[in-house]
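> Okay, sequence plus prediction incoming.
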Amino acid sequence: MDDDRHMVIYFMDGSNTKLSFPKQVRSDETVPIRLDAALDKPALIVEADGGVMAIPFANIKYIRIYPAPKVLPDYVIKHAHVED
């Protein structure tokens, strides 16, 4: 489905957690504002399977979310490729 989103959280210890969830915004235009607000917090907060997870950003190496939102803040580097 077009509204399905996926996230892989890669932790500093080498482990990872995979999440799937529906699209969270009605308008893609709000994504930059919501992204800035989320990154301003000390933890990523996720409601999953009837509970709430608080994942401190200090424990996260990086997060991959896909598909990428159609609208991103100006400071995001776009159309990059990951190379090993």
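Nice, I can see it.

> Which of the residues in stretch 8-25 are classified as buried?
Neighbour-count burial for stretch 8-25 flags residue 9 (criterion: 16 or more other C-beta atoms under 10 Å). C-beta coordinates here come from the backbone N, C-alpha and C atoms, glycine included.

> Any idea how far it is from the middle of the chain?
7 Å (C-alpha atoms, centre = their mean, to the nearest Å).

> Work out for me the element the closest residue to residue 78 other than its chain neighbours sits within.
Using C-beta to C-beta, 6 or more residues apart in numbering and skipping residues adjacent in sequence, the residue nearest residue 78 is residue 72, 6.7 Å away. Here residue 72 sits in a region with no helix or strand, counting by DSSP states H and E.

> so what pLDDT did residue 72 get?
You'll see residue 72 listed with a pLDDT of 88.

> Residue 37 should be in a strand, yeah?
No - applying DSSP: H, G, I helix; E, B strand; the rest coil, one finds residue 37 to be helix, outside a strand.
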